[in-house]
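>>> structure here, sequence nowhere to be found:
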């Protein structure tokens, strides 16, 4: 398998706050990796390190630069423009002619079931619809790796189901998924591997079946029992 990310003893410091501490992580092409842990455990910071948005304060992270990445944020930003233009702009910035970008953007909206909303102002959409627009915007770039930060947070059940369905489809097409989530049911459904963080440290890194069926380090065991109660 192709090694995508090699994280070695990585730490990230924000002033006096330690967001990540001495993290080691290797991720291969085609994996579906879920990052779990309580708020402030370092999940979002680790995603940003993997995507190259944050430089480690200590240690080093190497990535396969030939693999195109896209990242979906918990609260994706919508431009004051139509849904179609929100998707097409990323393609245009990548060098596509505007007319071709709009055609490809329309195809991406069709992929996520929003083609009929192409001319709507993106900021008028529901939160769930905006998340699907963000997925279309990312998918249109044809990435090999997609990183998602709490992709279904604050969504209603129907929207969560739709986003999960799209994530599963992307993964089945060969895309590598790395996502943070508080939804353990979602983790069971989508992930092949679970990485549990606490206070910026990786406490457990196991195949999904092994994580949910133990044994686990005490800290991960306590978290799992608390989240499942």
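Nice, I can see it. None of the values given here were measured: they were computed from a predicted structure.

>>> any chance you could map the helices in this protein?
43-50, 83-93, 98-111, 127-139, 157-172, 184-190, 208-213, 218-228 (DSSP state H).

>>> show me what counts as buried in the second one.
Taking 16 or more other CB atoms under 10 Å as the neighbour-count basis, helix 83-93 is seen to contain the buried residues 83, 84, 85, 86, 87, 88, 89, 90, 91, 92. All C-beta atoms are positioned from the backbone trio N, CA, C, and that covers glycine.

>>> domain assignment for the chain?
Structural domains annotated on the chain: 1-67+144-229, 77-142, as defined by automatic domain parsing.

>>> mean pLDDT added to these, as JSON lines?
JSON lines is the format used below for those (pLDDT from 0 to 100):
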{"stretch": "domain 1-67+144-229", "mean pLDDT": "93"}
{"stretch": "domain 77-142", "mean pLDDT": "94"}
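
>>> give the buried residues for stretch 36-50.
Those would be 36, 37, 41, 42, 43, 44, 45, 46, 47, 48, 49, 50, for stretch 36-50 by 16+ other CB under 10 Å.

>>> same check, this time on stretch 144-164
Buried, per 16+ other CB under 10 Å, within stretch 144-164: 144-152, 155, 159-160, 162-164.

>>> over to stretch 216-228?
For stretch 216-228, by 16+ other CB under 10 Å, it's 216, 220, 223, 224.

>>> for the protein, list the residue farthest from the centre, please.
residue 99 (29.1 Å; CA atoms, centre = their mean).

>>> from residue 120, how far out is it?
Separation of residue 99 from residue 120 (CB to CB, to the nearest Å): 21 Å.

>>> what does residue 187 give?
Residue 187 is 33 Å from residue 120, by CB to CB.

>>> cool, and residue 31?
36 Å.

>>> these two: which is more packed in?
residue 31 (18 against 15; other CB atoms under 10 Å).

>>> which residues touch the more buried one?
By CB atoms under 8 Å, 6 or more residues apart in numbering, residue 31 lies in contact with 176, 177, 178, 192, 193.

>>> how about a cut-off of 7 Å?
176, 192, 193 (CB atoms under 7 Å, 6 or more residues apart in numbering).

>>> so what's the residue count around the first one?
In other words, residue 176. Residue 176: 23 surrounding residues under other CB under 10 Å.

>>> tell me how far it lies from residue 145.
Counting by CB to CB - residue 176 and residue 145 are separated by 4 Å.

>>> residue 32 now?
Residue 32 is 11 Å from residue 145, by CB to CB.

>>> center of this structure, which residue is that?
residue 148 (1.3 Å).

>>> so the residue nearest to that one when sequence neighbours are not counted bridges to which residues?
In space, and not counting its chain neighbours, residue 148 is closest to residue 179: 3.9 Å by CB to CB, 6 or more residues apart in numbering. Taking DSSP bridges as the rule, residue 179 bridges to residue 34, residue 148.
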